[in-house]
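Trainee: One predicted model, sequence on top.
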Amino acid sequence: MATSYDAIVIGARCAGSPTAMLLARKGYRVLLLDRASFPSDTMSTHVVHPLAAASLKRWGVLDRLLATGCPPIDTYTFDFGPFTLAGAPGTAQSPVAYCPRRTILDNLLLEAAAEAGAEVRESFVVDKISMEDGRVTGIEGHSKHGDAIRERGGVIIGADGRNSVVAEAVQPEKYNERPPLLAPYYSYWSGLPTNGRFENYIRPNRGFAVAPTHDGLTMIVGGWPYAEFSANKQDLEGNYLRLFELAPEFAQRLRGATRESRLVGAPTPNFFRKPYGPGWVLVGDAGYLKDPITAQGIQDAFRDAEACARAVDETLTGVQTFDAAMEAYRQARDAGSVAMYDLTCQLASMAPPPPEMQQLFAAMAGNQKAMNGFAQMNAGTISPADFLSPQNVGAILGESGAPTSGPSQG
Ligand SMILES: Cc1cc2nc3c(=O)[nH]c(=O)nc-3n(C[C@H](O)[C@H](O)[C@H](O)COP(=O)(O)OP(=O)(O)OC[C@H]3O[C@@H](n4cnc5c(N)ncnc54)[C@H](O)[C@@H]3O)c2cc1C
């Protein structure tokens, strides 16, 4: 049987739709499948840091997102109790973040893939990955009408999230694994303006974050260490609401707000998977999963969609062998992720910061350049390895007697 598609992409959210879109724009025959129908929600908060917004702009999707009334976020704040750091998270080219509902963001991405020429099938479940002589060659699945369908593809791309059916079939090497560290839960509130701020509240063994989203709503996500996951499940509501009492001024603001949705959330394990092998590739959470505390998943999925599509293109055009192109994709992903992965796991543990880190936080208060750098590090705009380098830390500590200035508005 002839190969029907150059690429079959399983999963049509933040990793899959951009991968399919970019390949279709290159003229490849792409099939994009998802068991979900769109627009639909998924379990995820949705802070889209400035570099992810830059990806949307490059792809021509940002204007469409702005047309949905998604409010911009120009300042990230970090309230440690005794002091608050407030900085601008982005770059001159991409200064602001957003917090779009996944119902809206994912649908815009899917539409962009379809417009680029990808054949989209929603409500299509991939049940099985087809293999011949140790090589992945296609998929078997069914539509919502129950018809069993087989398709063949030159490369099968698993953008199918943490429980990837592709990874399940090919059992790739897993590395740098860490257990779940945090139990996060979120809900939406009305009547809680944040004035363009993504607010983070850090307390011993507790934390929560607040961001403005569509329809005048504000998302509040909060959590506690995974060690308390089972015990606190008995009273999720009470434990969630008690978080806010740790920040009395915020609790006072919340009294004027209205809860508009139920509580949603779950712990996340942390791992890298080797993202390629004969006939298959992984992108997004399927290949690299981490705790959401630093909100990097969407940004990483966008970054890796571009790199993955480039690698597939190089393979199909014969610029590189499949293994060489994919190994370069893996190395770029891992090198670009590891410092943030370590920071993410450290923050997700909710362990109190070591004394030298606490000294650094205090030294940054009022130093706008340092606070912007801190916001940029948390946004993934600059690497934690650079921000926390001995030179930069030394410079911040050296300047800590400098006069203070007001928080940035971006
Ligand atoms: C509580 C929580 C909060 C988070 N907050 C943030 C945040 O603020 N910012 C951020 O950047 N990231 C956040 N993340 C992470 C973010 O949600 C993920 O990194 C992102 O969704 C990954 O996108 P993806 O496309 O790789 O996978 P997914 O979004 O999981 O999409 C996978 C798709 O594959 C489809 N699929 C799976 N299996 C099959 C199959 N067999 N057949 C057909 N279709 C299939 C699914 O239906 C799904 O639509 C959060 C995650 C959690 C859990």
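Mentor: Right, received. Where do you want to start? Numbering: from 1, shown residues only.
Trainee: Can you name every helix or strand that the lengthiest helix in the chain contacts?
Mentor: Criterion DSSP state H: the longest helix present in the chain is helix 322-348. Where contact means 3 or more Cβ pairs under 8 Å, 6 or more residues apart in numbering; DSSP states H and E, helix 322-348 is packed against strand 174-178, strand 270-273, strand 276-277, helix 297-316, helix 384-387. Using the backbone N, CA and C atoms, a C-beta is placed for each residue, glycine as well.
Trainee: How far off centre is the third one?
Mentor: When you say that, I think you mean strand 276-277. Distance of strand 276-277 from the chain centroid (Cα atoms, centre = their mean, to the nearest Å) equals 23 Å.
Trainee: Show me what it pairs with in its sheet, parallel or antiparallel.
Mentor: Here strand 276-277 is paired, per DSSP bridges, with strand 280-282 (antiparallel).
Trainee: which residues touch the partner strand?
Mentor: Strand 280-282 has contacts (Cβ atoms under 8 Å, 6 or more residues apart in numbering) with 129, 136, 155-159, 164, 166-167, 170, 172, 273, 275-276, 308, 311-312, 326, 329.
Trainee: closest one to Val48 among the helices and strands packed on helix 322-348?
Mentor: Closest approach to Val48 among the helices and strands packed on helix 322-348 is made by helix 297-316 (5.5 Å; Cβ to Cβ).
Trainee: how far off helix 322-348 does the closest one point, in degrees?
Mentor: 170 degrees (axes from the mean of the first three to the mean of the last three Cα atoms, to 10 degrees).
Trainee: chain center to helix 297-316: distance?
Mentor: Computed by Cα atoms, centre = their mean, the chain-centroid distance of helix 297-316 equals 15 Å.
Trainee: Next: stretch 150-166.
Mentor: 20 Å.
Trainee: average pLDDT across it?
Mentor: Average pLDDT, stretch 150-166: 98.
Trainee: Report the separation between the two terminal residues of that stretch.
Mentor: End-to-end distance of stretch 150-166 (Cα to Cα, to the nearest Å): 15 Å.
Trainee: Start the count at 51 instead of 1 going forward.
Mentor: Shifting the count to begin at 51 puts that one at stretch 200-216.
Trainee: do it and the ligand meet at all?
Mentor: Yes. Looking at stretch 200-216 against the ligand by Cβ under 6 Å from any ligand atom, the contacts come from 209-211, 215.
Trainee: how about the residues of the stretch 301-450 of the chain near the ligand?
Mentor: Residues of the stretch 301-450 of the chain lying close to the ligand by Cβ under 6 Å from any ligand atom are 315, 318, 334-336, 342, 345-349, 351.
Trainee: Who wins on neighbours among those?
Mentor: Gly334 (31 neighbours; other Cβ atoms under 10 Å).
Trainee: ok, and the closest non-adjacent residue to it?
Mentor: Leaving out its chain neighbours, the residue that sits closest to Gly334 by Cβ to Cβ, 6 or more residues apart in numbering is Ala65, at 2.4 Å.
Trainee: for Ala164, what are its contacts?
Mentor: Applying Cβ under 8 Å, 6+ apart, one finds that Ala164 lies in contact with 82, 170.
Trainee: so what pLDDT did it get?
Mentor: At Ala164, pLDDT is 98.
Trainee: again, but for Thr53
Mentor: For Thr53, the model assigns a pLDDT of 61.
Trainee: Could you do Pro404 as well?
Mentor: Pro404 carries a pLDDT value of 89.
Trainee: So which elements touch the worst-scoring helix or strand of the chain on mean pLDDT?
Mentor: The helix or strand of the chain with the poorest confidence is helix 405-414; it has a mean of 93 (mean pLDDT, DSSP states H and E). Helix 405-414 is packed against helix 418-429, helix 440-448, with contacts defined by 3+ Cβ pairs under 8 Å, 6+ apart.
Trainee: would you list every one of the helices in the stretch 101-250 of the chain?
Mentor: 112-116, 152-166, 215-220 (DSSP state H, counting those that start in this stretch).
Trainee: what comes up buried for the first one?
Mentor: Residues of helix 112-116 classed as buried: 112, 114-116 (neighbour count, 16 or more other Cβ atoms under 10 Å).
Trainee: So is stretch 282-290 next to the ligand?
Mentor: No. Using Cβ under 6 Å from any ligand atom, stretch 282-290 stays clear of the ligand, with a minimum separation of 12.7 Å.
Trainee: any residues touching that stretch, and which ones?
Mentor: Contacts of stretch 282-290 (Cβ under 8 Å, 6+ apart): 233, 235, 237, 272, 274, 313.
Trainee: which residues sit in contact with the fifth one?
Mentor: Taking Cβ under 8 Å, 6+ apart, we find Trp274 in contact with 232-233, 255-256, 282, 289, 293, 400.
Trainee: Please convert the buried members of the residues you listed into ChimeraX selection syntax.
Mentor: Selecting the buried subset of the contacts of Trp274 in ChimeraX, with 16+ other Cβ under 10 Å as the burial test, is done by:
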select :232,233,256,282,289,293,400
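Trainee: from the residues of the stretch 301-450 of the chain next to the ligand, which is closest to Thr431?
Mentor: Of those, the one sitting nearest to Thr431 (Cβ to Cβ) turns out to be Gln349, at 9.5 Å.
Trainee: Tell me the spatial nearest neighbour of Phe372, not counting adjacent residues.
Mentor: Leaving out its chain neighbours, the residue that sits closest to Phe372 by Cβ to Cβ, 6+ apart is Thr365, at 4.6 Å.
Trainee: now swap in Leu293 and tell me
Mentor: Closest residue to Leu293 apart from its sequence neighbours, by Cβ to Cβ, 6+ apart: Gly272 at 4.2 Å.
Trainee: Do I have it right that the one you found meets Ala233?
Mentor: No. Look at Gly272 against Ala233 with Cβ atoms under 8 Å: they stay out of range, at 9.7 Å.
Trainee: Cool, thanks, signing off.
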